[in-house]
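K.L.:
Next input, structure requested:
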Amino acid sequence: MLAENVKKLEQENKRLEAENRELRNMLGSDIPKPKKCGNCAHFIQHYISIGIDRYAATHSGHCTHGRTVTKKPDGKTCQYYELGSRKRF
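P.N.:
Next comes the predicted model:
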């Protein structure tokens, strides 16, 4: 019984993946990310240490374009917004 349910879920997953591909082809590209600081190539996320070799993201960061400015990941973007991201932990 469990194997049958898993098989049904796998078939549904394949159908949904195909539907997603078709919708993306219709849109012409991937769905755009919202213009928020957290998605900008100039945004640096701030982290805090929560133990040896463990870090957690804070709800803060800074912008590296021009001068350092404190920003929030979900904050409004400025005129220098550029889609991209820096490597994070």
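K.L.:
just the helices in the protein please.
P.N.:
In chain order, the chain shows helices spanning 2-27, with DSSP state H as the criterion.
K.L.:
residue closest to the middle of it?
P.N.:
Central residue of the chain (Cα atoms, centre = their mean): residue 39, 6.8 Å from the mean position.
K.L.:
Identify the residue spatially nearest to that residue, adjacent ones excluded.
P.N.:
For residue 39, ignoring the flanking residues on the chain, the nearest one in space by Cβ to Cβ, 6 or more residues apart in numbering is residue 33 at 4.6 Å. In short, each C-beta sits where N, CA and C put it, glycine included.
K.L.:
I'd like the distance between the one you found and residue 76.
P.N.:
Residue 33 sits 15 Å away from residue 76 when distances are taken as Cβ to Cβ, to the nearest Å.
K.L.:
Bridged to the closest residue in space to residue 78 that isn't next to it in sequence, which residues?
P.N.:
What sits nearest to residue 78 in space, not counting adjacent residues and going by Cβ to Cβ, 6+ apart, is residue 63, at 7.3 Å. With beta bridges defined as DSSP bridges, residue 63 has these partners: residue 43, residue 69.
K.L.:
In this structure residue 63 contacts residue 73, no?
P.N.:
No. Shown here, residue 63 and residue 73 do not form a contact pair, counting by Cβ atoms under 8 Å, at 11.4 Å.
K.L.:
what sits in contact with each of those two?
P.N.:
Shared between the contact lists of residue 63 and residue 73 (criterion: Cβ atoms under 8 Å, 6 or more residues apart in numbering) are residues 37, 43.
K.L.:
of those two, who's got more company?
P.N.:
Neighbour tally, residue 63 and residue 73, criterion other Cβ atoms under 10 Å: the higher count belongs to residue 63, 20 against 17.
K.L.:
Now do the same contact list for that one.
P.N.:
Taking Cβ under 8 Å, 6+ apart as the criterion, residue 63 is in contact with 37, 40, 42, 43, 44, 69, 71, 78, 80.
K.L.:
Having no further points to raise, I will conclude here.
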